[in-house]
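Peer 1: Build the 3D model from these lines:
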Amino acid sequence: MTRRTPWTAVVTAVTVSAGLLFGISATASKGNDLRPGQRDMAQVVQAANQRVARQSATVKSLQSQVDSLSKTSGGSNNAATIAAKADALAPKAGFTAVTGSTVTVTLDDSKRDPSTLPEGGNLNWLVVHQQDVQAVVNALWRGGATAMMLMDQRVISTSAVRCVGNTLILQGRVYSPPFKITAMGDTTELKLALENDAGVTNYRSYVDLVGLGYDVKTSASQTFPAFGGSSTLRYAKAAFSSSAPSSPASGASATSSSAPSSSAK
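Peer 2: Numbering: from 1, shown residues only. Below is the predicted model of the structure:
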């Protein structure tokens with residue numbers, strides 16, 4: 001008869017434990033890798049953009065259903081009147097598709113080697129900033145633009161243009177340069193507005209100095225989709241207690257209404 005040694009029990013315990021661990025891992029993973037490969041930032045941003053695009057499409061579909069039901073619900077004359085007024089205002093507000101002549105401005109980062117910058121230059125000179133995109137947008141509105149697109153999205157007068165680093169954030173989606181701004185209207189007036197705008201002129205000076213991208217093209221006919229972003233307005237409110245407004249001396253913070261000043265590169 002073979003005598004059992006302590007090692008027999010140890011081997012048996014290890015084998016049973018390994019089997020349990022394999023079983024738990026298989027159940028937890030559900031056939032997937034428990035340690036997926038590391039995703040780089042570009043993949044994360046791309047996935048987020050796709051998710052926002054899908055959700056935007058869903059919102060647009062639901063809004064169409066709401067609009068349709070609002071016009072037919074209960075046969076209310078009041079509801080029908082309000083819907084008719086909304087339909088009349090929709091084109092001016094940007095909530096309908098439009099077709100017309102356009103001017104497209106494309107801004108891009110410089111491809112220049114930073115080591116070749118002029119004396120006193122810095123890396124900020126080589127990239128497109130929020131103030132540059134905003135300058136073009138504002139100039140085109142002042143030039144009489146009747147509708148505008150930023151990248152592949154329709155924007156309206158209340159749309160916010162924000163940049164983080166050298167990326168643009170617009171209505172929940174992230175874009176990398178080159179940045180394309182397209183305005184609909186009288187092309188002669190739109191191009192004249194670009195020529196006369198101080199912010200755009202400042203940007204063009206760096207086009208010549210360090211090679212930033214600046215391109216202006218016209219089109220005789222182009223169609224813009226309806227604005228698909230949120231129409232809810234948000235604004236800052238001063239912070240104060242429910243009993244009485246707090247003074248700065250009491251340690252309460254107040255919201256400043258002053259806008260940040262525009263600065264050169």
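
Peer 1: residue boundaries of the helices in the stretch 101-250 of the chain?
Peer 2: In the stretch 101-250 of the chain, the helices defined using DSSP state H, counting those that start in this stretch lie at 130-142, 187-196, 198-210.

Peer 1: Can you lay out those as CSV showing mean pLDDT and mean neighbour count?
Peer 2: Using the backbone N, CA and C atoms, a C-beta is placed for each residue, glycine as well. Putting the helices of the stretch 101-250 of the chain into CSV (pLDDT from 0 to 100; neighbours: other CB atoms under 10 Å) gives the following:
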stretch, mean pLDDT, mean neighbour count
helix 130-142, 95, 20
helix 187-196, 98, 17
helix 198-210, 96, 16
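
Peer 1: N166: which of these is closest?
Peer 2: helix 130-142 (10.1 Å; CB to CB).

Peer 1: which other helices and strands contact that closest one?
Peer 2: On a contact count with 3 or more CB pairs under 8 Å, 6 or more residues apart in numbering; DSSP states H and E, helix 130-142 meets strand 98-108, strand 147-150, strand 162-164, strand 179-184, helix 187-196, helix 198-210.

Peer 1: tilt between it and strand 98-108?
Peer 2: 150 degrees (axes from the mean of the first three to the mean of the last three CA atoms, to 10 degrees).

Peer 1: quick one, helix 130-142 and helix 187-196 angle?
Peer 2: 140 degrees.

Peer 1: What are the contacting residues of helix 130-142?
Peer 2: 103, 105, 107, 148, 150, 155, 157, 161-163, 168, 179, 181, 183, 185, 190, 193-194, 196-200, 202-203, 262-263 (CB atoms under 8 Å, 6 or more residues apart in numbering).

Peer 1: pLDDT (mean, whole number) over stretch 148-164?
Peer 2: Here stretch 148-164 scores 87 as its mean pLDDT.

Peer 1: just stretch 212-220 next, same as before
Peer 2: pLDDT averaged over stretch 212-220 gives 97.

Peer 1: One more: stretch 61-69?
Peer 2: The model assigns stretch 61-69 a mean pLDDT of 67.

Peer 1: what does stretch 106-122 give?
Peer 2: Mean predicted confidence for stretch 106-122 is 92.

Peer 1: in that stretch, what counts as buried?
Peer 2: Of the residues in stretch 106-122, T106, L107, D108, D109, S110, L117, G121 count as buried by neighbour count, 16 or more other CB atoms under 10 Å.

Peer 1: ditto for stretch 170-184
Peer 2: Result for stretch 170-184 [16+ other CB under 10 Å]: buried residues L170, Q171, R173, Y175, P177, F179, K180, I181, T182, A183, M184.

Peer 1: repeat for stretch 150-168
Peer 2: L150, Q153, R154, V155, S159, V161, C163, L168.

Peer 1: Just put the helices of the stretch 101-250 of the chain in CSV and tack on distance to A57.
Peer 2: Formatted as CSV, those follow (distance: least, CB to CB, whole Å):
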stretch, distance to A57
helix 130-142, 25
helix 187-196, 30
helix 198-210, 34
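
Peer 1: can you tell me which of those helices comes nearest to F95?
Peer 2: Per CB to CB, nearest to F95 of the helices of the stretch 101-250 of the chain: helix 130-142, 17.5 Å.

Peer 1: Go through the buried residues of stretch 170-184 and say which is closest to A97.
Peer 2: M184 (11.2 Å).

Peer 1: measure the closest one to A239 for me?
Peer 2: 41 Å (CB to CB, to the nearest Å).

Peer 1: One more: A139?
Peer 2: 35 Å.

Peer 1: before we move on, what about D152?
Peer 2: 38 Å.

Peer 1: again, but for N138
Peer 2: Applying CB to CB, the value for N138 to A239 is 30 Å.
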